[in-house]
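S.K.: I'll drop the sequence and a predicted model, then ask my questions.
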Protein chains: 2
Amino acid sequence: MKLLEDRIRQDGIIEDGDVLKVDSFLNHQMDVELFARMGEEWARLYQGEDINKILTIEASGIGIACIAAQSFHVPVVFAKKSKSKNIAGDVYTAKVESFTHGKVYDIMVSKRFLRPTDRVLILDDFLANGAALKGLIELVRQAGATVVGAGIAVEKAFQPGGDLIRSMGIRVESLARVKSMSPEQGIEFC
Amino acid sequence: MKLLEDRIRQDGIIEDGDVLKVDSFLNHQMDVELFARMGEEWARLYQGEDINKILTIEASGIGIACIAAQSFHVPVVFAKKSKSKNIAGDVYTAKVESFTHGKVYDIMVSKRFLRPTDRVLILDDFLANGAALKGLIELVRQAGATVVGAGIAVEKAFQPGGDLIRSMGIRVESLARVKSMSPEQGIEFC
């Protein structure tokens, strides 16, 4: 999606260690007008797929998912990262290994909000190693629901997550796919 | 706001210990059409206030804030609850005592996203003891920016947060103010 690629070129900051900072418009400060265009694009890509629920994960996926959900006219559910007193009763859980934070954590969704009849689109801001996305897919499958696909804002195509998820038979639509990047050479998209 | 009160009456679950569960539409599964109506109401209430930024806190404030921001045509910034490798450099920080989780945690916002000229509306899903809101106000004031007011979805008016924040001279617009509630008697709004 040219609009997103242009914005990453303009406002993204590339740091050592394959870090792409897009926190001025995507995952700390958030440009909701941009999110609306991204939502329209996913709605176009997944047209006719009868998606009735969007699943994401806290925290930085939530804004993108909520704005995008307006183009699908469906509710959003977000997976939580730690056991809270406010999630009572039965939950689906999966383990996720965070490469950013260097630890393993549990994600969970109340069983009330994922049903076998659900046709779920998973949305998230980044796809790198695929750990979070794999965990979200596991939650949907535990519920006996269908993963229609995943919508990702920024895929680091030089990391293994995209291949991993696609090899599971999951459709992945990434709006910007980074082929390579470095502080010296800048960024190249696929 | 009658629409929100009706929805709480219909789908909210009152549990012992002053717990109001609204996780089927507000803070786990999220009804984005409802959020849009709430955003329009805050935009009406704060009309003419020249708000140029919305501040919220992860995780459950983000969806409400992003959808509401579309009625203000401004970006959203969310405060983060723990130090992440992705927030590099200078941040404003405040301490928040969580009554839900029984611990004190730090919240932070990158200094790049709060400026002295900003006129900030703070949005969140709940106001009970006012701890999170107080922390968010502190972040804005550290930046030398102006807190125009706060927009809250559900205020537990029988808890001290609303009085505390209003006594600081902050305008608080809560769309549903719970006067009392119990599993036996149901819910009464102010």
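M.R.: Thanks, I have the structure now. Numbers count the residues shown, from 1 in each chain, chains lettered A, B, ... in the order given.

S.K.: now the residue nearest the centre of chain A: which helix or strand?
M.R.: The residue lying closest to the centre of chain A (Cα atoms, centre = their mean) is residue A:124, at 1.4 Å. Following DSSP states H and E, one finds residue A:124 within strand A:119-127.

S.K.: elements contacting that strand?
M.R.: Judged by 3 or more Cβ pairs under 8 Å, 6 or more residues apart in numbering or on different chains; DSSP states H and E, strand A:119-127 is in contact with strand A:53-57, helix A:60-72, helix A:131-142, strand A:146-156, helix A:161-167. For glycine as for every other residue, the C-beta is placed from the backbone atoms N, C-alpha and C.

S.K.: recalculate using a threshold of 10 Å.
M.R.: helix A:32-45, strand A:53-57, helix A:60-72, strand A:76-79, helix A:131-142, strand A:146-156, helix A:161-167, strand A:172-182 (3 or more Cβ pairs under 10 Å, 6 or more residues apart in numbering or on different chains; DSSP states H and E).

S.K.: partner strands of it, with direction?
M.R.: strand A:53-57 (parallel), strand A:146-156 (parallel) (DSSP bridges).

S.K.: now, of those, which is deepest in the fold?
M.R.: strand A:53-57 (a mean of 26; mean count of other Cβ atoms under 10 Å in any protein chain shown).

S.K.: relative orientation of that one and helix A:60-72 in degrees?
M.R.: 170 degrees (axes from the mean of the first three to the mean of the last three Cα atoms, to 10 degrees).

S.K.: for the helix or strand hosting residue A:7, give me every contacting residue.
M.R.: Assigned by DSSP H and E, residue A:7 belongs to helix A:2-11. Helix A:2-11 is contacted by residues A:1, A:12, A:14, A:20-26, A:29, A:31, A:34, A:37-38, A:41, A:153-154, A:174-178, A:181, A:186-187, A:189-190 when judged by Cβ atoms under 10 Å, 6 or more residues apart in numbering or on different chains.

S.K.: quick one: is the helix or strand following that helix near chain B?
M.R.: As assigned by DSSP H and E, the chain's next helix or strand after helix A:2-11 is strand A:13-15. Yes: legend: contact between strand A:13-15 and chain B by Cβ under 10 Å from any Cβ of the partner chain is shown at A:13, A:15.

S.K.: can you get me a residue count around residue A:70?
M.R.: The burial count assigned to residue A:70 is 20, neighbours taken as other Cβ atoms under 10 Å in any protein chain shown.
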